[in-house]
Each structure stands twice: as structure tokens, then as C-alpha cells.
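Chemist: Have a look at this fold, sequence not included:
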């Protein structure tokens, strides 16, 4: 009996030792990476059944350059007119969007200044990340700043295999806890290097169920840093055939219904108009009254692939390049000639 008890205690000791070592590693990683993580609080306007209201979004991000560039998730900031970035210690800095790629749920912010205590994160080569690797996520779930969660890489998903609305995103799947407010926050390996940016989770109950999706840092580096990424300040939705018919879009066309035009954005300077009225059509909630984008320089705004093509063309063009934007406004088709910023 004593021998069995001794063996059992030895087994517990052997099992518990790696966990203690891991806990120490996680404490070290958290202390190292926290000064690179930011909490993002953004505000804008949205149309609801009660009219126009102020919309607040809380997310997370990571500082990736000495000159004040911060990576985050597009859905946190893409349609926001006022963006504040808070660092460890509480100092808050104003930021603006300089690049955005909704097709991968990624945005790049530029800070007006960098606090002296802030640190730039180190980025890993996410191609080397393997399933089963332990990871750490630091962010602001439900606004609770600088919260840590840990888990493992569950799977890797190639672009255009998980969500058709985000075809450019390569995802790492993780069982690390992800909740509202973690979006845009960094996921680190145990070396303290960023391997991805939190996008979202899949949940039937609204909470974290161990199905989190994180855009790889190589995807973010490629789309936000290695090539110019145009941000127009638009948010909306592609029309279905049924919706296009109900809205009397001419010539059997579809289009992109504008929900939001961010104040001070390029789209705002071009005179494009966002929605004004909340409605439910065929069980679907939509915001009507805004322009319907039909085409840009002859490329129809009727599919995700064409919207990406339009954006890539605008990104590659020189500042001041004239562009023809075709819209449907109040039943009339208009051609606007605008200049890229």
C-alpha cells in the first residue's frame, strides 16, 4: 500500500512539474509582450430602428513599428470616425486608419505619437507555426484590459477555405479563449513573437467555445505592409439578386449598398452618401437610403472578387489618379469622376 502511494505521489510530481514550468513561461511571456499590446476604443455612427445612434467598439491591437503603426482587426475600426488607442499604464493616443483589408479582417493604424513606455512587438514567421503549439493571446475581452488566455493551435486553414466573405485570410484555429474585445489583439508564441491577429470565434451560445480564428501574421504583413492598401472609408453589403430587384437596380445589375461613409474619409470627400433608414426586407435587416455602388472604372461592384479587384487597382494607382465611380442614387444612375488620395 505504501509502495502504491509512493508511486502515485511520484506520478503526480512528474505530471505537475511541466505545468509549473509552463506557468512560469507564460508569466515571463506576458510580462515581455504586454507593453506591445494596445486596447482600441473606436466610435462612429450607425442606423438602427431608433434612428442614428453613436456606435462604440472595443478591440485590441499590437504596435509593430517605432513610428507608431498598429495592426488590428478591420471590423473593429474600418467604419469608425474616431479611434483612441490605450497603452499599458493608461496613456491614450489618437489614431487614424492608413490601410484596411476587410477581405482578411485586417487594418493598419497610424498613431499621432508613440508613448515612451511602449514597445514594438517582434513578428514571427507564421509559416513555421505547427498544430499543437502552445500560444498566448493578450487583449481586452469585454473591455477587461490586458487579459491573458492560453491554449494551443488546433488547425491551419488556407485562404478562401473558411469564409467566403474573407477569402484573403489564412487562419490559425485555436482553443485559447476569445471573446468580444479580443478582436485585433495579438496571438504570441512562447518566444513572445506575434504569430497572428485575433479575428473572431464561432459560438452558438455567444461566448467562447474553443473555436477561435486568428489571421496569420504573414497574411497581415503581406496585405498591410508589403503592398499599399487603399482605405476608402466605406462600409456596406453586396446586394443579392432579390434585393437588387426590390431596389430597382437597372439592367439586371447587382451592386454594393452603402451603409456607412466615414466622415473625413476619401469616400466622404467624393460626395458618396451612406444609409439613412433601417429596414427589414424578406427577414433581412438592411440600411437603406445610401448610394448603391454599381461600378468603378467599368468593374462591376457585384461580387467579393470584383470588390477586391477594385480595391487592389485603387491601391496600386498613384495619388491624384482620376477614377469613374458609377452609382445609383434616388433612382438615377450617376457617373462621378473622383481623384484617389
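Modeler: Nice, thanks for sending it over. This is a predicted model, so every value here is computed, not measured. Residues are numbered from 1 along each chain as shown.

Chemist: and the helix or strand hosting residue 214, what other elements does it pack with?
Modeler: Assigned by DSSP states H and E, residue 214 belongs to strand 212-216. With contacts defined as 3 or more CB pairs under 8 Å, 6 or more residues apart in numbering; DSSP states H and E, the packing partners of strand 212-216 are strand 171-174, strand 193-201. Placement of C-beta: from N, CA and C, glycine included.

Chemist: What average pLDDT does that strand get?
Modeler: Taken as a whole, strand 212-216 has an average pLDDT of 96.

Chemist: now do stretch 167-176
Modeler: 96.

Chemist: next one: it to chain centre, how far?
Modeler: Relative to its parent chain, stretch 167-176 has a centroid offset of 12 Å by CA atoms, centre = their mean, to the nearest Å.

Chemist: What are the buried residues along that stretch?
Modeler: Across stretch 167-176, burial judged by 16 or more other CB atoms under 10 Å covers 168, 169, 170, 171, 172, 173, 174, 175, 176.

Chemist: farthest pair in those?
Modeler: 168 and 175 (24.4 Å; CB to CB).

Chemist: now the protein, which segments are flagged as low pLDDT?
Modeler: Scanning the chain for pLDDT under 70 picks out the ranges 1-24, 203-210.

Chemist: domain ranges for this protein?
Modeler: What automatic domain parsing lists as the domains of the chain is 122-226, 234-339.

Chemist: could those go into CSV alongside distance to residue 107?
Modeler: Listed next are the domains of the chain as CSV, based on distance: least, CB to CB, whole Å:
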stretch, distance to residue 107
domain 122-226, 8
domain 234-339, 12
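
Chemist: Pick the most buried one from those domains.
Modeler: Comparing the domains of the chain by mean neighbour count (mean count of other CB atoms under 10 Å), domain 122-226 ranks first with a mean of 19.

Chemist: ok, which stretches of this protein are helices?
Modeler: With DSSP state H as the criterion, the chain has helices at 2-33, 74-77, 217-220, 241-246, 266-269, 304-316.

Chemist: ok, so what distance separates residue 299 from residue 323?
Modeler: 10 Å (CB to CB, to the nearest Å).

Chemist: Minimum distance to residue 30: which of the domains of the chain has it?
Modeler: Among the domains of the chain, domain 122-226 comes nearest to residue 30, with 5.2 Å by CB to CB.

Chemist: And that closest one, how far out from the chain middle?
Modeler: That offset, for domain 122-226, works out to 11 Å (CA atoms, centre = their mean).

Chemist: which one of the domains of the chain lies closest to residue 112?
Modeler: Nearest of the domains of the chain to residue 112, taken as CB to CB: domain 234-339 at 14.6 Å.

Chemist: now do the same end-to-end measure for the closest one.
Modeler: Using CA to CA, to the nearest Å, the end-to-end distance of domain 234-339 comes out at 16 Å.

Chemist: what do you get for stretch 269-276?
Modeler: Distance across stretch 269-276, first residue to last, is 18 Å (CA to CA).

Chemist: Please apply the same query to stretch 76-87.
Modeler: Taking CA to CA, stretch 76-87 runs 17 Å from one end to the other.
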